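>>> A structural model of the following input is requested.
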Amino acid sequence: MAAKKRHRWHNKSMKCLVVTTHPLDDSLCKQLGMHIENKLTQMGYEMTVRDLYAEGFEPALTAIERRSYYDGEYDSSGISEQVRELQEAEALVLLFPTWWFGFPAMLKGWFDRVWGPGIAYDHATDYGPIKPRLHHLRKVLVVTTLGSPWWVDHLILRQPVKRIIKWALLGTCARNSKLQFLSLYNSEKLNEQKIAAFKKRIDKAIASW
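Below is the predicted model of the structure:
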């Protein structure tokens, strides 16, 4: 199992958590991930990188975890380090491929297990609308690759991944955060010029922090 990478530079006060999700080391996502890490390094952020595939993250919510969702305190003992990193993060970068217009199972499992009650939110006493807990999370950058053209995602599917992140996750758990969402379409047939142009969009988004 590969250990997560941890880099710390202290001329920026913002703590940044980078979560990457792709099984192939030679993928476009991995290339973009290295670019993001290098950019954050240059800018001096206090950064923690979680490569879910490289570290062998187990995405399946366990029976104990699920039972504890509504039974006293949520049992996060198996993911305590990931929980601490999320709770401390002031900036979050999510890098992943969009498959079938949804999250990879590995990332979905990270949401299921790590964004639990008492961590990302609190249950209401009557199990009504949940109450946010990620008050320190201020900046969220999502970078995702899609094989489809932009018009399918925008006009037909209406950006389902963006809507879930914006409204279901951040809208309920991190209401103080600002979302920047970058999609790289037609990712299976891009030339170097288009990839370089997309990297500039990433740089601009990070520079705006």
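>>> which residue lies farthest from the center of the chain?
Asp126 (29.6 Å; Cα atoms, centre = their mean).
>>> distance of that residue from Tyr74?
Remark: distance between Asp126 and Tyr74 (Cβ to Cβ, to the nearest Å) = 18 Å. To be clear about C-beta, it is placed using only N, CA and C from the backbone, and glycine gets the same treatment.
>>> that older thread, the residue farthest from the centre of the chain: which element?
Counting by DSSP states H and E, no helix or strand carries Asp126.
>>> so how far is Leu28 from it?
Counting by Cβ to Cβ - Asp126 and Leu28 are separated by 46 Å.
>>> equivalent analysis for Val152, please.
19 Å.
>>> comparing those two, which residue is more hemmed in?
Leu28 (17 against 13; other Cβ atoms under 10 Å).
>>> hmm, that one is touching Thr144, no?
No - Leu28 is not in contact with Thr144 according to Cβ atoms under 8 Å; the separation is 10.8 Å.
>>> what's the helix or strand for the residue nearest the centre of the chain?
The residue lying closest to the centre of the chain (Cα atoms, centre = their mean) is Leu94, at 2.9 Å. Here Leu94, judged by DSSP H and E, is contained in strand 91-97.
>>> which positions in the next helix or strand after that strand come out as buried?
Using DSSP H and E, the helix or strand that directly follows strand 91-97 along the chain is helix 105-114. By 16 or more other Cβ atoms under 10 Å, the buried positions in helix 105-114 come out as 106-111, 113-114.
>>> and for stretch 45-62?
Buried residues in stretch 45-62 (16+ other Cβ under 10 Å): 45-54, 57, 59.
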